[in-house]
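Q: model this:
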Amino acid sequence: MRGHLNGNRADDLSFHGIRKAEAVWWNLSRSALLEQSLRRREGHLAASGPLVVRTGEYTGRSPNDRFFVREPGSEGAIHWGTTNRPFDADKYEALRARLFSYLEGRELFVQDCHVGADEEHRLPIRVITEMAWHALFARNMFLPVTDREALLAHVPGFTVISAPGFHSRPEMDGTRSEVFILIHFGRKEALIGGTLYAGEIKKSIFAVMNYLLPAAGVLPMHCAASYGRDDRDVAVLFGLSGTGKTTLSADPERTLVGDDEHGWSDRGVFNFEGGCYAKVINLSPGMEPEIHRTTGMFGTILENVGMDIEGRRIDLNDATLTENTRASYPLSSISRVAPRGAVGHPKHIVMLTADAFGVLPPIASMTTDQAMYHFLSGYTAKVAGTERGIVEPQATFSTCFGGPFMPLDPSVYAKLLGEKVAMHRVKVWLVNTGWTGGPYGTGHRMEIGLTKAMLRAALAGKLDGVEMRLDPVFGLRVPGSCPGVPPGVLDPRSTWKDREAYDRTARKLAGMFQENFAQYADQVTPEVRAAGFRNPG
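A: Okay, here's the model as predicted:
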């Protein structure tokens, strides 16, 4: 059997211009894709069932190698800059032709899927790749089309073509390195090459959704979502990598909608994806039981996770290859998950930050203006030792908590957020999962159990009647008490031995906020501009 052919007669992929493939495997099941991955020696089967793979040199995204093709249909809409950089259309066509020549005579794997659980706003996609495990990744992460009749009628609104074995030549192709992630809105196509890191597939489509949806009044969000009593008790958690977004959303007392990408339409919140892509380094079965359980399940892909090759036992604490070890698994692996992936409007929005300066409160209430300010800022911090040359905490600002994936002007997304928060009277919280008692190196990371207690109290309404104090620097309303949390924890200044050092550090961070926000100052109201701090010094 050379391949399971699709009935739409595009079985040689000529619909996309790809010809003479050795075999085309269409829409194989997870089990069949796992078999193919093992047959092709793309990975190893761990004792507990997951597929363990290695991504080689690239163990994370390559943001500096992502470009948007400059073409008439999208050129005027994209917010060009250091993040959204243009790529010449002629160079794209030349590279595309070489890539398609490379694909001749190779086995190819195709997955037809949807992105978006809300049928009104979903995008039909196709993923074409030379790696069986990348096809399995796509089937885990997106919403696979499983009905035979629907497959016959499936016409992709966007196609991802991924060839990790094909490397570009920068001097000839106009790329920055051998790796390329090129998104062409005119062709409705993304080309990926030179990297085995599967997250590039997922995030390319996320960027596409972030480009398309605002025109329909839908706010695309880099966030997790869950609900409590019913699907109208919805909470949305924004956060950059390392802030706890996936961990805090996988709460056994709540039902998970999704852990990373959602849209907020006039009907409510809906998940873009059908799976999760969780960081698993040092994963704790006690503190993160739901995610930990998936690392031993059939169908899960473990990227760069340590494994004893003889006994096939995995080691989640092994960071030999990277700190960015990942697990890709379908949402069905989680015990409590939203059956439709589409729920009501949020009652709560939580903006997560890992403040390594140790000065932001562990939880605080925000006004709509403050929410827009912090949303545009997208603050977290890198710590000493994570990158060469960093010897003290370094502020990182990623607009909308997902700057690398936002093709449009940030004000487009902030305006939508402000309108929806006001319309639906959403309560907005800032939660600091970072340091307390001092900065990184002096203080310590906030205990995840305390963060969970504060978050649960906020979402359950237990902080609504609590007396609040106004933070003297950042202007946030901080609760004076919280069930299950020692009162001293709630005031970051009181946790520092040197209070004057706290004051200096707080003013320093507020000044960093102010400097970063200057780029948005002429795009927002005076109230939003003034919402970030009270006394930066």
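Q: mind listing what the most centrally placed residue in the chain touches?
A: In the chain, the residue lying closest to the centroid (C-alpha atoms, centre = their mean) is Asp260, at 4.5 Å. Contact partners of Asp260, counting by C-beta atoms under 8 Å, 6 or more residues apart in numbering, are 222-224, 245-246, 273, 276-277. Where you see a C-beta, it was placed from the backbone N, CA and C, and this is true even at glycine.
Q: out of those, which sit inside helices?
A: 245-246 (DSSP state H).
Q: closest one of the contacts of Asp260 to Val145?
A: For these, the closest approach to Val145 (C-beta to C-beta) belongs to Glu273, at 14.5 Å.
Q: what number of residues lie near the closest one?
A: 25 (other C-beta atoms under 10 Å).
Q: so what's it scoring on pLDDT?
A: On the pLDDT scale, Glu273 is placed at 97.
Q: so what's it up against?
A: Here Glu273 is in contact with 115, 141-143, 202, 258, 260-261, 331 (C-beta under 8 Å, 6+ apart).
Q: which of those fall within helices?
A: Under the assignment DSSP H, the contacts of Glu273 contribute 141, 202 to helices.
Q: and the pLDDT for the residue nearest to the centre of the chain?
A: In this model, Asp260 carries a pLDDT of 94.
Q: going forward can the numbers begin at 315, since that is how I track them
A: In the new numbering, first residue 315, that becomes Asp574.
Q: how near is it to Phe552?
A: 11 Å (C-beta to C-beta, to the nearest Å).
Q: and what of Asn746?
A: Plainly put, Asn746 is 13 Å away from Phe552 if you go by C-beta to C-beta.
Q: tell me which other helices or strands the helix or strand containing Met686 touches.
A: Under the criterion of DSSP states H and E, Met686 resides in helix 682-691. Counting contacts by 3 or more C-beta pairs under 8 Å, 6 or more residues apart in numbering; DSSP states H and E, helix 682-691 packs against strand 660-667, helix 724-738, strand 741-746, helix 813-831, helix 840-843.
Q: average pLDDT for the longest one?
A: Throughout helix 813-831, pLDDT has a mean value of 95.
Q: likewise the first one?
A: Confidence over strand 660-667, taken as the mean pLDDT, stands at 98.
Q: follow-up on the earlier one: so which of the contacts of Asp574 sits lowest on pLDDT?
A: By pLDDT, Thr560 ranks lowest within these, coming in at 83.
Q: wait, it sits on Gly589?
A: No. Contact between Thr560 and Gly589 fails when scored by C-beta atoms under 8 Å: they sit 11.8 Å apart.
Q: have a look at the two and say which one is more surrounded.
A: With neighbours defined as other C-beta under 10 Å, Thr560 and Gly589 compare such that Gly589 has more, 30 against 24.
Q: wait, that one touches Met455, no?
A: Yes. If you go by C-beta under 8 Å, Gly589 and Met455 touch, sitting 4.4 Å apart.
Q: overlap of the contact sets of the two?
A: Common neighbours of Gly589 and Met455 (C-beta under 8 Å, 6+ apart) are Ser642.
Q: the strands in the stretch 565-714 of the chain, which residues?
A: Along the stretch 565-714 of the chain, the segments classed as strands by DSSP state E, counting those that start in this stretch run 569-572, 575-579, 582-585, 589-593, 615-617, 620-622, 627-629, 640-644, 660-667, 677-680, 693-696, 708-711.
Q: send me the longest one as CSV with only the CA atoms.
A: This means strand 660-667. Taking C-alpha atoms only, strand 660-667 is exported to CSV below (Å, rounded to 0.1, in the frame of the first residue of the first chain):
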residue,chain,number,x,y,z
PRO,A,660,-15.3,35.4,30.4
LYS,A,661,-16.2,36.6,33.9
HIS,A,662,-12.5,36.9,34.8
ILE,A,663,-9.4,37.7,32.9
VAL,A,664,-6.0,37.0,34.5
MET,A,665,-2.8,38.4,33.3
LEU,A,666,0.1,36.3,34.5
THR,A,667,3.7,37.6,34.9
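Q: report the beta-bridge partners for the spatially closest residue to Gly553 that is not a sequence neighbour.
A: Closest residue to Gly553 apart from its sequence neighbours, by C-beta to C-beta, 6 or more residues apart in numbering: Leu666 at 3.3 Å. Beta bridges link Leu666 to Val745, judged by DSSP bridges.
Q: tell me where the stretch 365-514 of the chain has helices.
A: Ranges of helices in the stretch 365-514 of the chain, per DSSP state H, counting those that start in this stretch, are 386-389, 403-417, 446-455, 462-466, 484-487, 513-526.
Q: quickly compare those helices and say which is most buried.
A: Mean neighbour count, computed with mean count of other C-beta atoms under 10 Å, is highest for helix 446-455 among the helices of the stretch 365-514 of the chain, reaching a mean of 28.
Q: which residues touch that one?
A: With C-beta under 8 Å, 6+ apart as the criterion, helix 446-455 contacts 339, 342-344, 347-348, 350-351, 353-354, 356-357, 365, 367, 423-425, 427, 441, 443, 474, 476, 478, 512, 515-516, 587-589, 591, 613-615, 642-644.
Q: now that helix: average pLDDT?
A: For helix 446-455, the mean confidence score works out to 98.
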